[in-house]
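> Below are the sequence and a predicted model for it; my questions follow.
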Amino acid sequence: MHFHGTSRINEKGHLEIGGVDTVSLTETYGTPLYVYDVALIRERARGFKQAFERANVKAQVAYASKAFSSIAMFQLVEEEGLSLDVVSGGELFTAIAAGFPASRIHFHGNNKSREELKMALDAGVGCIVVDNFYEISLLSELTQNSSSSVPVLLRVTPGVEAHTHDYITTGQEDSKFGFGLLNGQIEKAISMVQSQSAIELLGFHCHIGSQIFDTAGFILAAEKIFEKLREWKEELQYVPSVVNLGGGFGIRYTEEDEPLAPQAYVEKIVEAVKNQVSLLGMEMPEIWIEPGRSLVGDAGTTLYSAGSQKDVPDIRRYISVDGGMSDNIRPALYQAKYEAVLANRMREAHTEIVSIAGKCCESGDMLIWDVPLPQVEAGDIVAMFCTGAYGYSMANNYNRIPRPPVVFVENGESQLVIKRETYQDLIGLDLPISSKILHR
Ligand SMILES: Cc1ncc(COP(=O)(O)O)c(C=O)c1O
Ligand SMILES: N[C@@H](CCCC[NH3+])C(=O)O
């Protein structure tokens with residue numbers, strides 16, 4: 001059992017996070033409840049930023065907001081001086097609503113619509129990460145009469161297969177994202193972009209996948225990009241000012257996971273880029289990265305109430321909680337593994353092995369198989385660790401289950417930053433059927 005950030009057991013034998021008793025949080029805000037350890041988010045953000053500062057390298061650390069986006073989160077990211085990666089009009093809208101400086105927003109996506117691109121241009125985002133030829137044509141149309149130029153990166157698929165779940169690898173050649181680095185697509189994209197006076201090519205982007213533990217994939221991706229930069233320097237007289245190596249830095253969900261500290265990933269990336277730069281005799285570009293999971297993943301804990309139980313004699317005991325794949329789809333989608341404790345009985349011995357089921361109407365709605373816990377009773381608070389990334393942001397209303405609220409905790413204080421969805425919210429977009437269809 002691994003305690004993350006400020007998590008500890010308090011004098012009542014309860015799980016405490018950010019100096020706040022989690023059992024009292026459930027009394028105030030109900031369950032299920034997402035709790036974020038703000039100090040841990042800050043620690044991770046500073047870990048990435050300071051590693052670049054120590055290496056004396058110009059950099060931008062952009063929080064990949066798909067991991068968890070909300071106005072409060074964006075305000076925190078802004079306070080920590082990070083940039084922000086958004087991938088949709090909705091994330092961009094949230095960033096603008098949070099007052100996030102547009103010049104530090106990077107706009108991603110493999111199918112940005114004309115409206116989304118226009119929104120990004122009107123907002124004056126710091127960079128558009130262009131993914132495909134269709135997007136170049138949309139951008140050139142939208143910037144036709146523009147007097148200023150829009151900074152872009154071109155996203156490449158470097159042909160690097162990250163060692164992670166198949167659904168979350170993105171750097172392989174057969175991927176929906178980006179221009180092929182090795183099949184001539186990227187050269188075509190460079191010349192198309194260079195022919196547009198209202199588009200300024202800052203450099204290149206790649207992202208090889210997610211929940212990656214070793215640095216070899218990042219180093220290989222950097223090497224592949226720099227091999228190409230060497231060609232382009234000679235053939236196209238083009239030298240980029242930015243190389244963005246994406247996100248994907250892994251975290252410890254369970255004891256089996258062995259992630260590196262943020263600074264260790266950065267040090268290896270910087271070393272690889274510096275080596276390549278000196279081989280090429282070019283100027284050091286700015287290095288940008290885009291951590292999502294590693295900034296918020298282990299800072300998040302979900303608190304559930306235990307409810308019904310079912311024994312399958314000689315096989316297992318199912319403990320159902322009041323959430324499930326509606327607030328954490330990762331076990332169902334990626335067979336993701338998590339650890340859990342009883343937040344109200346932290347000092348008690350783990351006397352049985354049970355499986356935690358969600359309440360959705362799906363056999364696959366299992367949150368954890370075979371977790372050691374004390375004998376669970378209805379009303380116990382099950383705390384599931386490391387749910388801060390791709391939990392709330394992938395939450396859904398399957399079975400019309402309202403999405404849980406989000407609370408930030410720090411220094412003994414808690415603050416509600418996203419309210420619990422209500423049944424009324426759930427029908428808020430519904431309209432009654434008219435007599436045109438319902439013949440009554
Ligand atoms: C382009 C891009 N950047 C950054 C990220 C963030 O990844 P992670 O949350 O694994 O750091 C993703 C998601 O995998 C991504 O697609
Ligand atoms: N949503 C995924 C990762 C995909 C990241 C987006 N490129 C996860 O939960 O692990």
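Structure's in. What do you need? Residues are numbered from 1 along each chain as shown. Ligands and ions are numbered 1, 2, ... in the order given.
> mind listing what the closest residue to V409 other than its chain neighbours touches?
Leaving out its chain neighbours, the residue that sits closest to V409 by C-beta to C-beta, 6 or more residues apart in numbering is G18, at 3.1 Å. The way it works is simple: take the backbone N, C-alpha and C, and place the C-beta from them, glycine included. With contact taken as C-beta atoms under 8 Å, 6 or more residues apart in numbering, G18 is in contact with 5-6, 35, 37-39, 408-414.
> And the pLDDT at the closest residue to ligand 1 within the stretch 251-400 of the chain?
Nearest to ligand 1 in the stretch 251-400 of the chain, going by C-beta to the nearest ligand atom, is G292, at a distance of 2.6 Å. G292 is assigned 98 on the pLDDT scale.
> Surely it is in contact with V61?
No. Counting by C-beta atoms under 8 Å, G292 stays clear of V61, with 11.3 Å between them.
> quick one: which of those two has more around it?
Legend: neighbour count by other C-beta atoms under 10 Å for G292 and V61, higher for V61 (27 against 24).
> The more buried one: what secondary structure?
Put simply, V61 is strand when judged by DSSP: H, G, I helix; E, B strand; the rest coil.
> Now do the helices in this protein.
For the chain, the helices defined by DSSP state H cover 22-29, 38-54, 71-79, 89-97, 114-123, 133-142, 185-194, 216-235, 262-280, 293-296, 330-334, 423-426.
> Could you check the longest one against ligand 1 for contacts?
No. Helix 216-235 lies apart from ligand 1 when judged by C-beta under 6 Å from any ligand atom; the minimum separation is 11.5 Å.
> Identify each buried residue in that helix, please.
Using 16 or more other C-beta atoms under 10 Å as the test for burial, helix 216-235 gives 217-226, 228-229, 232.
> Give me the residues contacting stretch 71-78.
Looking at stretch 71-78 with C-beta under 8 Å, 6+ apart, the contacting residues turn out to be 36, 38, 41-42, 45, 63, 65, 84, 94-95, 97-101, 104, 296, 406, 408, 415, 417-418.
> residues from the stretch 301-440 of the chain in reach of ligand 1?
A389.
> what distance separates the start and the end of stretch 313-325?
Chord length of stretch 313-325, first to last residue, is 26 Å (C-alpha to C-alpha, to the nearest Å).
> next one: it to chain centre, how far?
28 Å (C-alpha atoms, centre = their mean, to the nearest Å).
> Ok, stretch 415-434 next?
With C-alpha atoms, centre = their mean, you get 25 Å for stretch 415-434.
> ends of it, how far apart?
Stretch 415-434: ends 43 Å apart by C-alpha to C-alpha.
> again, but for stretch 390-400
Using C-alpha to C-alpha, first and last residues of stretch 390-400 are 19 Å apart.
> Next: stretch 277-285.
8 Å.
> what sits up against it?
Looking at what lies outside stretch 277-285 - C-beta under 8 Å, 6+ apart - the contacts are 57-58, 203, 226, 229-230, 233, 239-243, 273-274.
> so which of the residues you listed is the most crowded?
Going by other C-beta under 10 Å, V243 tops those with 26 neighbours.
> Not counting residues beside it along the chain, what's closest to that one?
Nearest residue to V243, sequence neighbours excluded (C-beta to C-beta, 6+ apart): P285, at 4.8 Å.
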